[in-house]
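Undergrad: Starting from these lines, generate the structure:
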Amino acid sequence: MNVELNRNEDWMKLKLSEVKQHLSKIKLGGGKKAIDKQHEKNKLTARERIEYLCDKDKPFIELGSFAGFEMYAEEGGCPAGGTVAGIGYICNRQCIIVANDQTVKAGAWFPITGKKNLRMQEIADENNLPIIYLVDSAGVYLPMQDEIFPDKEHFGRIFRNNAKMSANGIIQIAAVMGACVAGGAYLPIMSDETLMVENNGSIFLAGSYLVKAAIGEDIDNETLGGAITHTEISGIADYKFKTEQECLQQIKKIISKISHQPTAGFDRINAIEPTKNSQEIYSIMPEGNAKPYDMREIIERMVDASEFDEFKKDYGKTILCGYARIEGWAVGIVANQRLIVKSKKGEMQMGGVIYNDSADKAARFIMNCNQKKIPLIFLQDVTGFMVGSRSEHSGIIKDGAKLVNAVANSVVPKITIIVGNSYGAGNYAMCGKAYDPRFIYAWPSAKIAVMGGEQAAKTMLQIQVATMKAKGKELTQEEETELLDKLKSKYNNQTTPYYAAARLWVDEIIDPLQTRQLISEAIHAANHQNIIPEFKTGVFQV
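TA: Sure thing, here's the model as predicted:
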């Protein structure tokens, strides 16, 4: 057994090491030369600005660092989506911070940049958190303007959100430290307060070259829309500073004076470390996520005092439900169970599959947590719902719909951790991205797809072979094997956590050992939402 645990640990740590290697490259943004060029202009990089702004004794939780990963190859890539963002503490206040990375294509907006910025605004709005924009961007990346400009979830939605968030009382502060051009010029002016850095910060609808081309006027950018112009002539900006450090200090002063609002009141007591060794969390997930394991062993290494109070322990055994505390916060946990378990009738049930009784139990538990105003944690390792005549005749769709209904209508914060598989409708039922989790994280072992890569490849192979046969072409066994290998490679690549994180289906790929802290920070953020709506489930089959 120890040999197997060691093998599991080595596998997980190798996967984690791969994540860290990728992150080290991502954090270089546009590369060392671009960073040096930024410094030559007396400008800090996006990451340096955030580091200066945030409290040193509190964590900065970066989100979306893999945005755009291995996308836009023909464009030279877009590390972190050209934006560094996350949750940090400023003067002991949790804030969302969004910083354009000028080293990546001059901070230009790719399609994924827009999606990432909208996600950060969504988090700020949902959790009633102040949001700080550190602006240094050339605007829309013109070669891809049709994919970022006009649609509902494109660039312009940012400014619509500025207006709606302001109406909702969300504090927004913009510090213009570089270019802020064209449509992007509206963001700082629609924020509560606008700060600018002299000689580097500029705001205008059209730069000097375009002004010359459009109306024949000769003017330099600083005179057109620099800090002095906008604080002394137009009145657009509220403060000007000679250095970025002075500008960032002013943000700290503003944040330090924000009033303290009522909270949601989620229950918290003094935290107790897990009694089971948290380091052992690395060795529980089987190598390749291929064998059964007991999800309780993971839960007991995450929760306070390793205490997990199970709900309906002997019913619906392929989903675990129960109450616990994480860093003192009361939580309800809904987790897939990968053990092969026996039903009350003595029948074997496959782990990781949602059966009728499991769906029924989980739906009831979610309703209970909403009744008690207890945040929900979903631990995903699910291959989907049980199929076959027996399940269909027992009403698996009805029970699955009941669970999806409860998840969709849940009003307490939902935090999702994908530890293993996340396939098909199981992704939806266990609060995948489409079901509005406040935060959604993936372990390096996560796999996200309609079905597993091998199953998808075999399904597509059958379809393609049948199509060719209908056209009178028969494939040799060798050709079939070659085609299957290509399909497997394609689908396996699309199931990785990198593929998901690149497209922001998850907020971040995380170290399993960080799960406890990240859940705590997520609930702390959600606790700023001072009004919890009434829970209603609507109509569903009984």
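Undergrad: M144 contacts A108, correct?
TA: No: at 9.2 Å, M144 does not count as touching A108 under the criterion of Cβ atoms under 8 Å. Yep, even glycine has a C-beta here, placed from its N, CA and C like the rest.
Undergrad: Between the two, point out the one with more neighbours.
TA: Using other Cβ atoms under 10 Å as the criterion, M144 and A108 rank with A108 on top: 23 against 16.
Undergrad: From M71, how far out is the closest residue in space to the more buried one that isn't next to it in sequence?
TA: The shortest distance from A108 to any non-neighbouring residue, by Cβ to Cβ, 6 or more residues apart in numbering, is to Y141 (4.0 Å). From Y141 over to M71 the distance is 12 Å, taken as Cβ to Cβ, to the nearest Å.
Undergrad: which one of those two has more residues nearby?
TA: Y141 (24 against 17).
Undergrad: Please name the residues that touch the more buried one.
TA: Remark: with contacts taken as Cβ atoms under 8 Å, 6 or more residues apart in numbering, Y141 is in contact with 75, 105, 108-110, 113, 148.
Undergrad: How about E273?
TA: Contacts of E273 (Cβ under 8 Å, 6+ apart): 304-305.
Undergrad: repeat that with 10 Å
TA: Applying Cβ atoms under 10 Å, 6 or more residues apart in numbering, we find E273 in contact with 304-306, 327, 516.
Undergrad: and those residues, which two are the farthest apart?
TA: Farthest pair in those (Cβ to Cβ) is S306 and E327. Separation: 13.7 Å.
Undergrad: what do these two both touch?
TA: With Cβ under 10 Å, 6+ apart, S306 and E327 have common neighbours 272-273.
Undergrad: Quick check: nearest residue in space to L23, chain neighbours excluded?
TA: Of all residues not flanking L23 in the chain, S65 sits nearest, at 6.2 Å (Cβ to Cβ, 6+ apart).
Undergrad: give me phi/psi at the one you found?
TA: Main-chain dihedrals, S65, degrees, to the nearest 10: phi -70, psi -20.
Undergrad: Please go through the chain and pick out the longest helix.
TA: helix 2-26 (DSSP state H).
Undergrad: Okay, buried residues for that helix please.
TA: 8-9, 11-12, 15-16, 19, 22-23, 26 (16 or more other Cβ atoms under 10 Å).
Undergrad: Dump those residues into JSON lines; add pLDDT and distance to N127 as well.
TA: Converted to JSON lines, those look like this (pLDDT from 0 to 100; distance: Cβ to Cβ, whole Å):
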{"residue": "N8", "pLDDT": "95", "distance to N127": "35"}
{"residue": "E9", "pLDDT": "95", "distance to N127": "35"}
{"residue": "W11", "pLDDT": "96", "distance to N127": "35"}
{"residue": "M12", "pLDDT": "97", "distance to N127": "30"}
{"residue": "K15", "pLDDT": "97", "distance to N127": "30"}
{"residue": "L16", "pLDDT": "97", "distance to N127": "28"}
{"residue": "V19", "pLDDT": "98", "distance to N127": "26"}
{"residue": "H22", "pLDDT": "97", "distance to N127": "28"}
{"residue": "L23", "pLDDT": "97", "distance to N127": "25"}
{"residue": "I26", "pLDDT": "97", "distance to N127": "25"}
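Undergrad: Report the contact partners of K20.
TA: Listed by Cβ under 10 Å, 6+ apart, the contact set of K20 reads 444, 509, 511.
Undergrad: from those, which is closest to S358?
TA: Proximity of those to S358 (Cβ to Cβ) peaks at P444, which lies at 26.5 Å.
Undergrad: Count the residues that sit near the closest one.
TA: P444 has 23 nearby residues by other Cβ under 10 Å.
Undergrad: Assumed it was part of a helix.
TA: No: counting by DSSP: H, G, I helix; E, B strand; the rest coil, one finds P444 to be coil, located in no helix.
Undergrad: Great, nothing more from me.
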